[in-house]
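Asks: I would like to see how this sequence folds:
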Amino acid sequence: MAARRARGAWRWIATAGCLDGATPDRSNHLLIDHASVRQSLSSAMDRALANAGLSRSDAFVALVTRIRDEQSSQIRQAARLVADTLAADGLVHTFGTGHSHVLAEEAFFRAGGLVAVNPIRNHRLMMLEGAIASTHAEREHGFARLILELHEVSPGDVAIIISNSGRHAVPIEMALEMRTREARVVAITSLAQSRAATSRHASGKRLFELADVVLDNGVPEGDALISVPGIDSPMGPGSTVSGAALVNAVLVDALAAARGVRVAVLRSANLEKGDDELRSQHRAVPGPCPGVWKNMQPGLTN
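Replies: Numbering: from 1, shown residues only. Below is the predicted model:
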(Lines give C-alpha, C1' and ligand atoms only; values in the text may rest on other atoms or scores of the structure.)
Protein backbone atom coordinates (compact mmCIF):
# COMPACT_ATOMS: atom_id res chain seq x y z
CA MET A 1 0.00 0.00 0.00
CA ALA A 2 2.77 2.46 0.96
CA ALA A 3 4.71 1.65 -2.22
CA ARG A 4 1.61 2.20 -4.34
CA ARG A 5 0.98 5.60 -2.74
CA ALA A 6 4.58 6.67 -3.29
CA ARG A 7 4.49 5.65 -6.95
CA GLY A 8 1.35 7.72 -7.34
CA ALA A 9 3.10 10.76 -5.85
CA TRP A 10 6.01 10.44 -8.27
CA ARG A 11 3.57 10.06 -11.14
CA TRP A 12 2.06 13.44 -10.34
CA ILE A 13 5.44 15.08 -9.80
CA ALA A 14 7.01 13.82 -13.02
CA THR A 15 4.07 13.03 -15.32
CA ALA A 16 5.21 15.07 -18.28
CA GLY A 17 8.94 14.42 -18.15
CA CYS A 18 12.11 15.84 -16.64
CA LEU A 19 13.51 19.33 -17.07
CA ASP A 20 15.60 18.20 -20.01
CA GLY A 21 12.57 16.62 -21.69
CA ALA A 22 13.68 13.04 -20.98
CA THR A 23 11.37 10.38 -19.62
CA PRO A 24 11.89 10.18 -15.84
CA ASP A 25 13.47 7.01 -14.46
CA ARG A 26 11.70 6.30 -11.19
CA SER A 27 13.07 2.78 -10.71
CA ASN A 28 15.58 3.86 -8.08
CA HIS A 29 13.36 6.35 -6.22
CA LEU A 30 12.94 5.61 -2.55
CA LEU A 31 9.47 4.27 -1.77
CA ILE A 32 8.18 5.98 1.33
CA ASP A 33 5.67 4.93 3.95
CA HIS A 34 4.04 8.36 4.14
CA ALA A 35 2.01 7.61 7.27
CA SER A 36 5.16 6.61 9.20
CA VAL A 37 7.07 9.64 7.95
CA ARG A 38 4.28 12.02 8.91
CA GLN A 39 4.12 10.53 12.40
CA SER A 40 7.91 10.70 12.81
CA LEU A 41 8.17 14.28 11.57
CA SER A 42 5.21 15.36 13.64
CA SER A 43 6.81 14.04 16.81
CA ALA A 44 10.22 15.55 15.97
CA MET A 45 8.72 18.95 15.20
CA ASP A 46 6.65 18.92 18.38
CA ARG A 47 9.76 18.16 20.46
CA ALA A 48 11.91 20.79 18.76
CA LEU A 49 9.36 23.55 19.06
CA ALA A 50 8.39 22.57 22.59
CA ASN A 51 12.04 22.77 23.65
CA ALA A 52 12.11 26.32 22.30
CA GLY A 53 8.86 27.21 24.03
CA LEU A 54 7.04 27.49 20.72
CA SER A 55 4.07 25.86 19.07
CA ARG A 56 3.98 24.73 15.44
CA SER A 57 2.01 27.75 14.34
CA ASP A 58 4.34 30.35 15.86
CA ALA A 59 6.64 30.49 12.84
CA PHE A 60 3.70 31.33 10.59
CA VAL A 61 2.17 33.81 13.05
CA ALA A 62 5.55 35.52 13.35
CA LEU A 63 5.79 35.75 9.56
CA VAL A 64 2.40 37.44 9.21
CA THR A 65 3.24 39.77 12.10
CA ARG A 66 6.46 40.72 10.33
CA ILE A 67 4.48 41.45 7.16
CA ARG A 68 2.19 43.76 9.15
CA ASP A 69 5.10 45.57 10.78
CA GLU A 70 7.43 45.89 7.79
CA GLN A 71 5.17 46.04 4.72
CA SER A 72 2.35 48.38 5.79
CA SER A 73 3.62 51.29 3.69
CA GLN A 74 4.01 49.13 0.59
CA ILE A 75 0.56 47.61 1.14
CA ARG A 76 -0.94 51.11 1.22
CA GLN A 77 0.88 52.02 -2.00
CA ALA A 78 -0.42 48.93 -3.78
CA ALA A 79 -3.91 49.54 -2.38
CA ARG A 80 -3.86 53.07 -3.76
CA LEU A 81 -3.08 51.74 -7.24
CA VAL A 82 -5.97 49.28 -6.99
CA ALA A 83 -8.32 52.01 -5.68
CA ASP A 84 -7.45 54.23 -8.65
CA THR A 85 -8.12 51.30 -10.99
CA LEU A 86 -11.51 50.61 -9.42
CA ALA A 87 -12.43 54.30 -9.66
CA ALA A 88 -11.69 54.14 -13.41
CA ASP A 89 -13.75 50.93 -13.89
CA GLY A 90 -10.55 49.01 -14.48
CA LEU A 91 -9.50 45.49 -13.60
CA VAL A 92 -7.06 43.85 -11.22
CA HIS A 93 -5.25 41.05 -13.05
CA THR A 94 -3.54 38.36 -11.00
CA PHE A 95 -0.88 35.93 -12.16
CA GLY A 96 1.43 33.33 -10.70
CA THR A 97 3.15 30.12 -11.77
CA GLY A 98 3.62 26.88 -9.87
CA HIS A 99 2.29 27.18 -6.32
CA SER A 100 2.00 30.95 -6.82
CA HIS A 101 -0.99 30.38 -9.10
CA VAL A 102 -2.89 29.54 -5.90
CA LEU A 103 -2.41 33.14 -4.76
CA ALA A 104 -3.57 34.47 -8.13
CA GLU A 105 -6.77 32.51 -7.64
CA GLU A 106 -7.07 33.54 -3.97
CA ALA A 107 -8.23 36.97 -5.15
CA PHE A 108 -10.73 35.61 -7.65
CA PHE A 109 -14.41 34.75 -7.06
CA ARG A 110 -13.74 34.87 -3.33
CA ALA A 111 -16.34 35.45 -0.63
CA GLY A 112 -15.59 38.94 0.61
CA GLY A 113 -13.43 39.65 -2.44
CA LEU A 114 -13.68 42.02 -5.37
CA VAL A 115 -15.69 41.21 -8.47
CA ALA A 116 -13.28 43.11 -10.72
CA VAL A 117 -10.46 40.56 -10.57
CA ASN A 118 -9.23 38.69 -13.62
CA PRO A 119 -6.99 35.69 -12.91
CA ILE A 120 -4.62 34.94 -15.76
CA ARG A 121 -4.26 31.15 -15.81
CA ASN A 122 -2.79 28.49 -18.00
CA HIS A 123 -3.03 24.76 -17.39
CA ARG A 124 0.66 24.18 -18.14
CA LEU A 125 1.66 26.48 -15.27
CA MET A 126 -0.70 24.98 -12.70
CA MET A 127 0.89 21.53 -12.29
CA LEU A 128 -2.12 19.90 -13.93
CA GLU A 129 0.17 18.11 -16.38
CA GLY A 130 2.86 17.24 -13.84
CA ALA A 131 4.91 19.32 -11.42
CA ILE A 132 8.20 18.96 -13.32
CA ALA A 133 6.51 19.95 -16.57
CA SER A 134 5.10 23.04 -14.85
CA THR A 135 8.55 23.96 -13.53
CA HIS A 136 9.90 23.68 -17.07
CA ALA A 137 7.03 25.75 -18.54
CA GLU A 138 7.60 28.74 -16.23
CA ARG A 139 11.07 29.10 -17.75
CA GLU A 140 9.91 29.38 -21.38
CA HIS A 141 10.62 32.68 -23.10
CA GLY A 142 7.67 34.01 -25.11
CA PHE A 143 5.06 32.01 -23.18
CA ALA A 144 3.67 34.93 -21.15
CA ARG A 145 3.02 36.94 -24.30
CA LEU A 146 0.99 34.09 -25.78
CA ILE A 147 -1.04 33.72 -22.58
CA LEU A 148 -1.74 37.43 -22.34
CA GLU A 149 -3.10 37.58 -25.89
CA LEU A 150 -6.23 35.88 -24.51
CA HIS A 151 -6.88 38.68 -22.01
CA GLU A 152 -7.88 42.32 -22.37
CA VAL A 153 -5.60 44.64 -20.42
CA SER A 154 -6.31 48.38 -20.41
CA PRO A 155 -4.02 51.28 -19.47
CA GLY A 156 -4.34 51.95 -15.77
CA ASP A 157 -5.25 48.37 -14.86
CA VAL A 158 -3.25 46.74 -12.06
CA ALA A 159 -1.42 43.43 -12.39
CA ILE A 160 -0.52 41.59 -9.20
CA ILE A 161 2.23 39.15 -10.17
CA ILE A 162 3.33 36.56 -7.65
CA SER A 163 6.64 34.71 -7.80
CA ASN A 164 8.55 33.65 -4.72
CA SER A 165 11.92 33.49 -6.47
CA GLY A 166 11.15 36.27 -8.95
CA ARG A 167 13.71 34.83 -11.36
CA HIS A 168 11.80 32.76 -13.92
CA ALA A 169 11.13 33.89 -17.48
CA VAL A 170 7.32 33.71 -17.49
CA PRO A 171 6.48 35.97 -14.50
CA ILE A 172 9.21 38.41 -15.53
CA GLU A 173 7.91 38.50 -19.09
CA MET A 174 4.38 38.94 -17.76
CA ALA A 175 5.53 42.04 -15.87
CA LEU A 176 7.22 43.41 -18.99
CA GLU A 177 4.12 42.76 -21.11
CA MET A 178 1.90 44.45 -18.54
CA ARG A 179 4.12 47.51 -18.54
CA THR A 180 3.98 47.59 -22.34
CA ARG A 181 0.18 47.74 -21.98
CA GLU A 182 0.51 50.60 -19.46
CA ALA A 183 -0.75 48.54 -16.54
CA ARG A 184 0.72 49.09 -13.09
CA VAL A 185 2.64 46.13 -11.68
CA VAL A 186 2.55 44.96 -8.07
CA ALA A 187 5.02 42.17 -7.31
CA ILE A 188 4.71 39.73 -4.41
CA THR A 189 8.07 38.03 -4.02
CA SER A 190 10.77 37.02 -1.55
CA LEU A 191 13.43 39.70 -1.69
CA ALA A 192 15.83 37.46 0.21
CA GLN A 193 15.43 34.71 -2.38
CA SER A 194 15.31 36.97 -5.42
CA ARG A 195 18.29 39.15 -4.55
CA ALA A 196 20.39 36.02 -4.05
CA ALA A 197 19.38 34.57 -7.43
CA THR A 198 20.28 35.34 -11.02
CA SER A 199 17.50 36.01 -13.51
CA ARG A 200 16.42 33.28 -15.93
CA HIS A 201 15.02 35.87 -18.34
CA ALA A 202 16.99 37.23 -21.28
CA SER A 203 16.63 40.78 -19.92
CA GLY A 204 18.64 39.87 -16.84
CA LYS A 205 15.91 41.45 -14.71
CA ARG A 206 14.18 39.94 -11.71
CA LEU A 207 10.53 40.55 -10.91
CA PHE A 208 11.13 43.05 -8.12
CA GLU A 209 13.16 45.22 -10.51
CA LEU A 210 10.17 45.64 -12.84
CA ALA A 211 7.37 46.44 -10.39
CA ASP A 212 5.79 49.75 -9.43
CA VAL A 213 5.29 48.38 -5.92
CA VAL A 214 7.15 45.44 -4.37
CA LEU A 215 5.60 43.45 -1.52
CA ASP A 216 8.17 41.29 0.24
CA ASN A 217 6.61 38.04 1.47
CA GLY A 218 9.30 37.79 4.14
CA VAL A 219 10.37 34.19 3.62
CA PRO A 220 14.01 33.08 3.53
CA GLU A 221 15.83 31.48 0.62
CA GLY A 222 14.18 28.14 -0.01
CA ASP A 223 10.83 29.28 1.47
CA ALA A 224 10.67 26.79 4.35
CA LEU A 225 10.63 28.24 7.87
CA ILE A 226 11.14 25.45 10.41
CA SER A 227 14.24 23.34 11.03
CA VAL A 228 13.57 19.88 12.40
CA PRO A 229 16.31 17.89 14.18
CA GLY A 230 17.37 14.89 12.15
CA ILE A 231 15.92 16.25 8.90
CA ASP A 232 18.31 17.77 6.36
CA SER A 233 15.78 20.14 4.77
CA PRO A 234 13.68 22.68 6.66
CA MET A 235 9.91 22.35 6.52
CA GLY A 236 6.88 24.61 6.52
CA PRO A 237 6.88 26.79 3.38
CA GLY A 238 5.74 30.28 4.33
CA SER A 239 5.21 32.04 1.00
CA THR A 240 1.60 30.88 0.61
CA VAL A 241 0.70 32.07 4.12
CA SER A 242 2.27 35.51 3.77
CA GLY A 243 1.27 35.81 0.11
CA ALA A 244 -2.41 35.26 0.90
CA ALA A 245 -2.18 37.81 3.71
CA LEU A 246 -0.62 40.36 1.34
CA VAL A 247 -3.15 39.81 -1.47
CA ASN A 248 -6.12 40.25 0.84
CA ALA A 249 -4.59 43.17 2.74
CA VAL A 250 -4.08 45.06 -0.52
CA LEU A 251 -7.63 44.46 -1.73
CA VAL A 252 -9.26 45.33 1.60
CA ASP A 253 -7.18 48.49 1.97
CA ALA A 254 -8.05 49.40 -1.62
CA LEU A 255 -11.75 49.46 -0.74
CA ALA A 256 -10.99 51.71 2.21
CA ALA A 257 -9.02 54.02 -0.10
CA ALA A 258 -11.72 54.03 -2.78
CA ARG A 259 -14.22 56.02 -0.76
CA GLY A 260 -17.15 57.30 -2.75
CA VAL A 261 -16.57 54.73 -5.49
CA ARG A 262 -19.11 52.00 -6.03
CA VAL A 263 -17.21 48.72 -5.68
CA ALA A 264 -18.79 45.28 -6.10
CA VAL A 265 -17.86 42.76 -3.42
CA LEU A 266 -18.82 39.11 -3.61
CA ARG A 267 -20.80 37.35 -0.91
CA SER A 268 -20.48 33.64 -0.32
CA ALA A 269 -22.58 31.43 -2.57
CA ASN A 270 -22.85 29.11 0.43
CA LEU A 271 -25.04 31.55 2.36
CA GLU A 272 -28.79 31.29 2.14
CA LYS A 273 -29.87 32.90 -1.14
CA GLY A 274 -26.20 33.23 -2.06
CA ASP A 275 -26.79 32.03 -5.63
CA ASP A 276 -29.59 34.58 -6.08
CA GLU A 277 -27.30 37.39 -4.90
CA LEU A 278 -24.59 36.32 -7.34
CA ARG A 279 -27.08 36.42 -10.19
CA SER A 280 -28.21 39.88 -9.10
CA GLN A 281 -24.62 41.11 -9.04
CA HIS A 282 -24.06 39.58 -12.45
CA ARG A 283 -26.88 41.68 -13.86
CA ALA A 284 -26.07 44.86 -11.96
CA VAL A 285 -22.28 45.29 -12.10
CA PRO A 286 -21.27 47.66 -14.94
CA GLY A 287 -17.98 48.44 -16.61
CA PRO A 288 -15.42 45.78 -17.52
CA CYS A 289 -16.87 43.15 -15.24
CA PRO A 290 -18.83 41.16 -17.86
CA GLY A 291 -15.47 39.74 -18.92
CA VAL A 292 -14.79 38.77 -15.33
CA TRP A 293 -18.17 37.09 -15.01
CA LYS A 294 -17.32 35.09 -18.11
CA ASN A 295 -14.11 33.97 -16.42
CA MET A 296 -16.21 32.74 -13.52
CA GLN A 297 -18.04 30.23 -15.69
CA PRO A 298 -16.87 26.59 -15.61
CA GLY A 299 -14.32 25.34 -18.11
CA LEU A 300 -12.89 28.70 -19.14
CA THR A 301 -9.40 28.33 -17.72
CA ASN A 302 -7.09 29.24 -20.57
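Asks: residues in contact with stretch 96-106?
Replies: For stretch 96-106, the external contacting residues (C-beta atoms under 8 Å, 6 or more residues apart in numbering) are 94-95, 119-121, 125-127, 134-135, 137-138, 160-164, 168, 170-171, 188, 237, 239-240, 243-244, 247-248. Placement of C-beta: from N, CA and C, glycine included.
Asks: where does the stretch 101-250 of the chain have low pLDDT?
Replies: The stretch 101-250 of the chain contains residues with pLDDT under 70 at 137.
Asks: related to what we said a few turns ago, among the contacts of stretch 96-106, which ones are in helices?
Replies: Taking DSSP state H as the definition of helices, the contacts of stretch 96-106 contribute Ser134, Thr135, Ala137, Val170, Pro171, Ser239, Thr240, Gly243, Ala244, Val247, Asn248.
Asks: let's have these in TSV, adding distance to Lys205 and neighbour count.
Replies: Shown next, in TSV, are these (distance: C-beta to C-beta, whole Å; neighbours: other C-beta atoms under 10 Å):
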residue	distance to Lys205	neighbour count
Ser134	22	23
Thr135	20	17
Ala137	20	23
Val170	13	28
Pro171	11	29
Ser239	20	27
Thr240	25	19
Gly243	21	27
Ala244	26	17
Val247	23	27
Asn248	28	16
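Asks: let me have these in a markdown table, extended by distance to Phe208.
Replies: A markdown table is the format used below for those (distance: C-beta to C-beta, whole Å):
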| residue | distance to Phe208 |
| --- | --- |
| Ser134 | 22 |
| Thr135 | 21 |
| Ala137 | 22 |
| Val170 | 16 |
| Pro171 | 11 |
| Ser239 | 14 |
| Thr240 | 19 |
| Gly243 | 14 |
| Ala244 | 19 |
| Val247 | 17 |
| Asn248 | 21 |
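Asks: list just the nearest of those residues to Val64.
Replies: Proximity of the ones in helices among the contacts of stretch 96-106 to Val64 (C-beta to C-beta) peaks at Ala244, which lies at 9.4 Å.
Asks: what's near enough to touch the residue lying closest to Phe143 once chain neighbours are set aside?
Replies: With C-beta to C-beta, 6 or more residues apart in numbering as the criterion, Phe143 has its nearest non-adjacent residue at 5.3 Å, and that residue is Val170. With contact set as C-beta under 8 Å, 6+ apart, Val170 has these partners: Thr97, Leu125, Ala137, Glu138, Arg139, Glu140, Phe143, Ala144.
Asks: ok, 7 Å please
Replies: By C-beta atoms under 7 Å, 6 or more residues apart in numbering, Val170 lies in contact with Thr97, Leu125, Glu138, Glu140, Phe143, Ala144.
Asks: I'd say the second one and His136 touch.
Replies: No. Counting by C-beta atoms under 7 Å, Leu125 does not reach His136; the two are 10.3 Å apart.
Asks: these two: which is more packed in?
Replies: In this view Leu125 and His136 are compared by other C-beta atoms under 10 Å, and Leu125 has more residues nearby, 28 against 17.
Asks: the more buried one: what's its closest spatial neighbour, skipping adjacent residues?
Replies: Distances taken as C-beta to C-beta, 6+ apart place Thr97 nearest to Leu125, at 4.4 Å, with adjacent residues excluded.
Asks: what is the burial count for the closest residue to Arg145 other than its chain neighbours?
Replies: Computed as C-beta to C-beta, 6+ apart, the closest residue to Arg145 that is not its neighbour in sequence is Glu177, at 5.7 Å. Using other C-beta under 10 Å, Glu177 has 18 other residues around it.
Asks: likewise Gly112?
Replies: Using other C-beta under 10 Å, Gly112 has 11 neighbouring residues.
Asks: and the gap between it and Pro220?
Replies: 30 Å (C-beta to C-beta, to the nearest Å).
Asks: equivalent analysis for Lys273, please.
Replies: Applying C-beta to C-beta to Lys273 and Pro220 gives a distance of 46 Å.
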